[in-house]
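1. Quick one, structure for this:
(chains A and B)
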Protein chains: 2
Amino acid sequence: MLEAGAPRSDALVESAFPMTGGMWRIGVTGPPGAGKSTLVDTLVRELSEGGSRVAVLAVDPSSPFTGGALLGDRIRMQAAAARPDVFIRSLASRGALGGIATMVPRALLLLDAAGYEYGIVETVGTGQSEIEVATTTDCTVLVLMPGAGDLVQAFKAGVAEVADVFVVCKSDVDGAKRTVQELRSRLSLDARPTTPVLPVSALRGDGVRELLSELDRFRQDSQRGGRAALRRRGQLIEETNRLLTEHVRVELLTRIGAERIEAAGDDLLARRLSPTELARRLLDERV
Amino acid sequence: MLEAGAPRSDALVESAFPMTGGMWRIGVTGPPGAGKSTLVDTLVRELSEGGSRVAVLAVDPSSPFTGGALLGDRIRMQAAAARPDVFIRSLASRGALGGIATMVPRALLLLDAAGYEYGIVETVGTGQSEIEVATTTDCTVLVLMPGAGDLVQAFKAGVAEVADVFVVCKSDVDGAKRTVQELRSRLSLDARPTTPVLPVSALRGDGVRELLSELDRFRQDSQRGGRAALRRRGQLIEETNRLLTEHVRVELLTRIGAERIEAAGDDLLARRLSPTELARRLLDERV
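-> Have a look, this model is predicted:
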């Protein structure tokens, strides 16, 4: 219902809300090919073997090509998906930027109410929209491949700044150690020397236990210190602002009528009227 | 003034608007390292040698690292920048997603009014925000490196769909021919067999003339067929909608007061109140 944008989905999320708050939400992001799906698969297996119910939302840009890619994700994740108490779903992101950024937190609320103890959101890429999705969680994990390219790009795009835990995947590959060191010294320079940087080989299973205990430590620290509550509070206020803005936007456009704006298109094009002046007139008429 | 978000910048853009419309705006986008800057440098040199005034806006995610990257861009672009009648500026994008997406079209309006005949916007990355920026122009050029990775990613992210012209850079590299062929057959499958795909080696100068004439042909075709006007019309209506939404958003938040929403944070966190319910109450009180 959420994915289809069904009107009833609002009521659904609304009725689920009082039952939420128990789930710990982890965002896993990073450039394509960094090994996120394999890592998520491993995390899900470990958490699930530990007795937890785990839900995964994989946000993948959709396209005819992605038929294959989604299938690929599913195959990579099948070890996890075959388990009971594990829920996995790929969400298509294309054509719905605002869509996916608002849909993920809402989908997490439903899964939260359904009793999943962990919600993992996997996003592909290192753009602003991916950052947005990754930060609507309680903990953001940034997965990088060995090599300087990803590193530079992650800091350039601003993703590195919102990451709580860094994972250098494919730790068995040449250069992985160096990437870990570079990342650590870079974080020290940024006055974040305690931010964990973990080499992991999901395929071999190396470093997975260490990652799990770092994730657990982060959770305990932020829950004890009140940072988790602060972050959630901010997210809920943000969501309220979004709902308010969306409401007045729809209200205004309904009152004005999209066709009134469309009708002024030729005047805009001919520079007889500017968008600012048109907006001003439409707002004045509103009263 | 625009970059600093000075209040007077609105009036500046507004007064410039009647003088705009003469500039042809080209968006150049693609993944990092694809060779966009070198290509833009070459385009600027050619257009400028042909007697045109050219302005370039390079949108680069900002960060301490990017101090270097921006400098890098400037060095790469210095051949172009040294020319009279060429304007080059790097805009920082970080922390201002809406910011950059709204700033670029406004900056282009100012440069348009200042008499630049070509405005080139270079954006790094293949995320949704980059697509947005790249499509606020008259023509979108997607630059890819030889190899299948970029190609798959470009189609997955939806950038390929908004591209008017494809450039495979570093055409002297192994695999470039194959990438061009794969791209062409992919576009045929998508019923876009006439979309130009051009191998270019900006460093050697191979394919640059062909690219320039394709860009020119695209311009003539879309101006003659009315597509250019339709696209600009849509952009101006889009800008009007944005201004309207922004106005009512600010109006509402001022009326309600951010502290009223902040004050409800604990109730949200404790699930005594949902964002939807809070929004509803605040909207009701408004009247």
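
2. counting contacts, what elements does the longest helix along chain A pack onto?
-> With DSSP state H applied, the helix covering the greatest number of residues in chain A is identified as helix A:227-256. Judged by 3 or more CB pairs under 8 Å, 6 or more residues apart in numbering or on different chains; DSSP states H and E, helix A:227-256 is in contact with helix A:97-113, helix A:208-224, helix A:275-286, helix B:227-256, helix B:258-263, helix B:265-269, helix B:275-286. C-beta: built from backbone N, CA, C; applies to glycine.

3. can you map out the strands along the stretch 1-150 of chain A?
-> Using DSSP state E, counting those that start in this stretch, the strands of the stretch 1-150 of chain A run over A:24-30, A:54-60, A:86-92, A:118-124, A:139-144.

4. Neighbouring strands - and their directions - for the second one?
-> To tie it back to what came earlier, the one meant is strand A:54-60. Take DSSP bridges as the rule and strand A:54-60 pairs in its sheet with strand A:86-92 (parallel), strand A:118-124 (parallel).

5. Give me whichever of the helices and strands packed on helix A:227-256 is most buried.
-> Mean neighbour count (mean count of other CB atoms under 10 Å in any protein chain shown) peaks for helix A:97-113 among those, with a mean of 21.

6. Give me the distance between that helix and the centre of its chain.
-> 9 Å (CA atoms, centre = their mean, to the nearest Å).

7. can you list contacts of that helix?
-> By CB atoms under 8 Å, 6 or more residues apart in numbering or on different chains, the surrounding residues in contact with helix A:97-113 are A:2-3, A:5, A:9, A:12-13, A:16-17, A:19-23, A:25, A:55, A:57, A:59, A:87, A:89, A:91, A:93, A:96, A:119, A:121, A:129, A:132-133, A:136-137, A:235, A:239, A:242, B:128, B:132.

8. try 7 Å this time
-> Helix A:97-113 is contacted from outside by A:2, A:12-13, A:16-17, A:19-23, A:25, A:55, A:57, A:59, A:87, A:91, A:93, A:119, A:121, A:129, A:132-133, A:136, A:239, A:242, B:128, using CB atoms under 7 Å, 6 or more residues apart in numbering or on different chains.

9. Just the buried subset of the residues you listed, please.
-> Among the contacts of helix A:97-113, the ones that count as buried by 16 or more other CB atoms under 10 Å in any protein chain shown are A:2, A:12-13, A:16-17, A:20, A:23, A:25, A:55, A:57, A:59, A:87, A:91, A:93, A:119, A:121, A:129, A:132-133, A:136, A:239, A:242, B:128.

10. Grab the nearest non-local neighbour of A:Thr276.
-> Nearest residue to A:Thr276 in three dimensions, chain neighbours excluded: B:Glu14, at 5.1 Å (CB to CB, 6 or more residues apart in numbering or on different chains).

11. Nearest approach to A:Gly35 belongs to which of the strands paired with strand A:54-60?
-> Between A:Gly35 and the strands paired with strand A:54-60, the shortest separation by CB to CB is 11.1 Å, and it involves strand A:118-124.

12. quick one, that closest one and helix A:97-113 angle?
-> 160 degrees (axes from the mean of the first three to the mean of the last three CA atoms, to 10 degrees).

13. what about strand A:118-124, distance to the chain center?
-> Taking the mean of its C-alpha atoms, strand A:118-124 sits 6 Å from the chain's own mean (CA atoms, centre = their mean).

14. What of stretch A:13-28?
-> Taking CA atoms, centre = their mean, one finds stretch A:13-28 lying 14 Å from the centre of the chain it belongs to.

15. Same question for stretch A:37-54.
-> So, by CA atoms, centre = their mean, the centroid of stretch A:37-54 is 18 Å from its chain's centroid.
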